[in-house]
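> Test case, fold it:
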Amino acid sequence: MAAVVASLLIFAWLTDAAPAELRIEIQAWQVPDAGDAPVPFAEGRFWLVHLSPGEDVPSDFAHASQSQAQNATGGSAPAAGGLIALYWRDPHRGCTVPWRPDFEFWGLVGLFRNACHGETYSKAGLRIFGPAPRSLDTMEVCVNSDGSIIVFPNRITLGGPDNASRAVRYDGGL
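Here you go, the predicted structure:
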């Protein structure tokens, strides 16, 4: 009986404690170059993407479903480029969404594609097809003066048409 009470007290004590702030430190040599393929970081469950200036779903992207194209682009201006950390779980059913460098979809090549339900996302994590309610979620990224970065997986912003504008400028510490 004492063990049960002790277990319950320990459980109650642990659940009242604030969760620890998770910080993933990434060295400059681990950061992909602008335009390169996204790099997965299993410890934080995210993809690190280094967008080139203007790299995003083109504003004139058009396909069979005009409403999905409008949702995907959000009518936004081309992105300035930079680093973005994308949560690798799909917001629809939580499946892991892999990067598919050779996957072509309506003229775009190199996309995130969920094999479970067909959700397709641009390199900036913008939803361009599928039943997901929104784009891939993003995580806060901080750039250090030496070119290393810190990603905060606990600081998540829900995905939206402004994903590419959330990219943080990165010059490699130069």
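> For I84, grab phi and psi.
phi -140, psi 140 (degrees, to the nearest 10).
> That one and V151, how far apart?
I84 sits 10 Å away from V151, going by C-beta to C-beta, to the nearest Å. Using the backbone N, CA and C atoms, a C-beta is placed for each residue, glycine as well.
> and for these two, which residues touch both?
Common contact partners of I84 and V151 (C-beta atoms under 8 Å, 6 or more residues apart in numbering): 48, 141.
> okay, the two: which has more neighbours?
Neighbour count, other C-beta atoms under 10 Å: between I84 and V151, I84 has more, with 28 against 22.
> I figured that one hits A164, correct?
Yes. Using C-beta atoms under 8 Å, I84 is in contact with A164, at 7.3 Å.
> Quickly list what's touching both of the two.
By C-beta under 8 Å, 6+ apart, the residues touching both I84 and A164 are 51, 124.
> just checking, P153 is part of a strand?
Yes. According to DSSP: H, G, I helix; E, B strand; the rest coil, P153 belongs to a strand.
> Specify the beta-bridge partners of the one residue sitting closest to the centre of the chain.
Taking C-alpha atoms, centre = their mean, the centroid of the chain lies closest to L86, which sits 0.9 Å from it. On the basis of DSSP bridges, L86 is bridged to W47, T138.
> please begin residue numbering at 56 from this point
Done: numbering now begins at 56, and the last item shifts to L141.
> mind checking how far it is from R189?
For L141, the distance to R189 - C-beta to C-beta - is 12 Å.
> would you list every one of the helices in this protein?
Under the criterion DSSP state H, the chain carries helices at the ranges 57-71, 121-128.
> Going by mean pLDDT, which of these comes out lowest?
The minimum mean pLDDT among the helices of the chain belongs to helix 121-128 (a mean of 41).
> mind listing what's buried in stretch 158-170?
160, 163, 165-169 (16 or more other C-beta atoms under 10 Å).
> got the end-to-end distance for it?
Terminal residues of stretch 158-170 lie 12 Å apart, using C-alpha to C-alpha, to the nearest Å.
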